[in-house]
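>>> this is a predicted model, with the sequence first.
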Amino acid sequence: MSAFVALDGVSHSYAARGSSSGGTLAVAVTGIAGPSGGSDAKPVGTVCFAFATSRRISSETRHFKGNRESVRRQSVVRALEGLLETLTRA
């Protein structure tokens, strides 16, 4: 499977599985941290997130700048922020 195939759909699917497994909250993250693998349509730094509860699933795509380590760190921060936001809305 190509890294470019429906990044947002992949993360959405994994979050849905997590929320249906009996968990209270789920997060899924996928993307292109680099240094290679990007394209004009989905450049390095493109990261998709999905957040799910038993009642709701939301997803988003972010574009981070920096090297591989920086993109990964920013992704972790956003995933944790998104989980907190999801809990607040639940």
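On my side now, so go ahead.
>>> which residues touch the spatially most central residue of the chain?
By Cα atoms, centre = their mean, the mean C-alpha position of the chain lies nearest to residue 49, the distance being 2.0 Å. Applying Cβ atoms under 8 Å, 6 or more residues apart in numbering, one finds that residue 49 lies in contact with 11, 27, 28, 29, 59, 60, 61, 62, 75, 78, 79, 82. All C-beta spots, glycine's among them, are computed from the backbone N, C-alpha and C.
>>> so of these, which ones are in strands?
Mapping the contacts of residue 49 onto strands (DSSP state E) picks out 27, 28, 29, 59, 60, 61, 62.
>>> next one: the second one from residue 42, what distance?
So the one you mean is residue 28. 17 Å (Cβ to Cβ, to the nearest Å).
>>> what's the answer for the first one, then?
Distance, residue 27 to residue 42, using Cβ to Cβ: 20 Å.
>>> same thing with the third one?
Per Cβ to Cβ, residue 29 is found 15 Å from residue 42.
>>> out of these two, which sits in the busier spot?
residue 29 (21 against 17; other Cβ atoms under 10 Å).
>>> isn't that one right up against residue 75?
Yes - using Cβ atoms under 8 Å, residue 29 is in contact with residue 75, at 5.8 Å.
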